[in-house]
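*Asks:* After the sequence you'll find the predicted model.
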Amino acid sequence: MQVLIIEDESRAANQLQKMLKTCGFEYQLLGIIDTVEDAVLWFQKNTAPDLVFMDIQLADGLSFEIFQKIDVEAPIIFTTAFDTYAIQAFKVNSIDYLLKPIQQEELLGALDKFAKSNKPPMVAPEVLKQLLNSLQPTSKRNGVLVKEGSGFVQVKISDFLYFYSEESITFGVTASKRHIIDETIDQLYSSLDQDLFYKINRGQLIAKSSIQKIEPYFNHRVKLSVSNPRDQDFVVSRQKTSDFKAWLNS
């Protein structure tokens, strides 16, 4: 059984492999890919694998964009941090998905569904359009709940300079304070006004208003100087540098 993993978080990819082993699923790993661009190139150059595990949000965009560029003739089990109604369309179209953090029972169910399928499930164009639209912010979010003592308070979106993830905890930084937020970076990004915030890499979201300076960095990347950096380095990933500059200039 040949398996391809498309996932931009190395920890998640490693955890998935461990869980597959625990399930007794025997497979040959063909590779781990973390971007839409590299996934398109891989499918263009290689024979379709027996099964693909595909994260929805990759380093350079949504994995659904892969299907807009090429035909993927392989069964796919999506993994996602998004829990939206439209994603239920996967079930209707014989495509399974696993909500992160992945549960062993859910993984076993998806593998059983795959084993019983007679043909590779295909993403219908109308479903793809629905899913792409559903994961774009439809309205501007006004605030974020942050932990304070034993409860929560709401902080205005406009007060945040940036968000980042560290040891599986999400933080939001304002001019005067660092807040703990009970959402993942992907969940935050999907709900923010993406004209004002940008996901510069796997673990950081930056507000356009907080960027003070951009400088060239090695390996065709750029490094940012931001307000109240709190010992954080802000480096835009190589895959996103061109798009980031376009966003910043918009």
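*Replies:* Structure received.
*Asks:* for the residue nearest to E183 when sequence neighbours are not counted, what are its contacts?
*Replies:* Once flanking residues are discounted, E183 sits nearest to T170: 5.9 Å by C-beta to C-beta, 6 or more residues apart in numbering. Every residue, glycine included, has its C-beta placed from N, CA and C. Applying C-beta atoms under 8 Å, 6 or more residues apart in numbering, we find T170 in contact with F163, Y164, I180, I181, D182, E183, T184, I185, L188.
*Asks:* In strands only, show me those residues.
*Replies:* F163, Y164, I180, I181 (DSSP state E).
*Asks:* Now, of the residues you listed, which are buried?
*Replies:* F163, Y164, I181 (16 or more other C-beta atoms under 10 Å).
*Asks:* Specify which member of the ones in strands among the contacts of T170 is nearest to N46.
*Replies:* Y164 (34.8 Å; C-beta to C-beta).
*Asks:* Let me see the domain layout of the chain.
*Replies:* Per the record, the chain has its domains at 2-134, 143-248, by automatic domain parsing.
*Asks:* got any ranges where the protein has weak pLDDT?
*Replies:* Applying pLDDT under 70 to the chain flags the ranges 82-95, 119-140.
*Asks:* what residue is smack in the middle of it?
*Replies:* Centroid-nearest residue in the chain, with C-alpha atoms, centre = their mean: Q57, separated by 2.6 Å.
*Asks:* Just give the nearest non-adjacent residue to that one, would you?
*Replies:* Distances taken as C-beta to C-beta, 6+ apart put D186 closest to Q57, at 4.9 Å, once the chain neighbours are dropped.
*Asks:* how far away is that neighbour from F43?
*Replies:* To F43, D186 is 23 Å away according to C-beta to C-beta, to the nearest Å.
*Asks:* same thing with Q57?
*Replies:* To F43, Q57 is 19 Å away according to C-beta to C-beta.
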